[in-house]
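> Sharing a model that was predicted from the sequence below.
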Amino acid sequence: MPANPIVPAGYDVVWIVVAAVQLVLLVVSVAIVWRERGKLDGVTTAIWVVVAVVLPVVFLAAWGIARLSGRRKHAISS
């Protein structure tokens, strides 16, 4: 059976899904920084935005670790 030119190959579908997930991670990452921008100074916000745009997966992991660390320090000092 010949390949149907209208239906994309499996790897095309996979790459489209990967790109869509990457785009969603980027939007979520920038939204997180935007929401917290009042609590951060300008340089810190800029660094977080650059990391969020360049490496959204790493950003989400680093942001989660930083937030968890900050919450622990706040809980200990309270």
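Ah, there it is.
> so where is this structure shaky, pLDDT-wise?
When residues are selected by pLDDT under 70, those of the chain lie in 1, 70-78.
> longest single helix anywhere in it?
As assigned by DSSP state H, the longest helix anywhere in the chain is helix 10-36.
> Tell me the first helix or strand C-terminal of it.
Next in sequence after helix 10-36, counting helices and strands by DSSP states H and E, comes helix 42-54.
> rewinding a little: remind me what the longest helix of the chain packs against, helices and strands.
helix 42-54, helix 56-77 (3 or more C-beta pairs under 8 Å, 6 or more residues apart in numbering; DSSP states H and E). (Each C-beta comes from the backbone N, C-alpha and C, glycine too.)
> what's the first one in contact with?
In this structure, residues lying in contact with helix 42-54 by C-beta atoms under 8 Å, 6 or more residues apart in numbering are Leu26, Ser29, Val30, Ile32, Val33, Arg37, Leu40, Val58, Phe59, Ala62, Trp63.
> rerun that using 6 Å as the cut-off
Ser29, Val30, Val33, Arg37, Phe59 (C-beta atoms under 6 Å, 6 or more residues apart in numbering).
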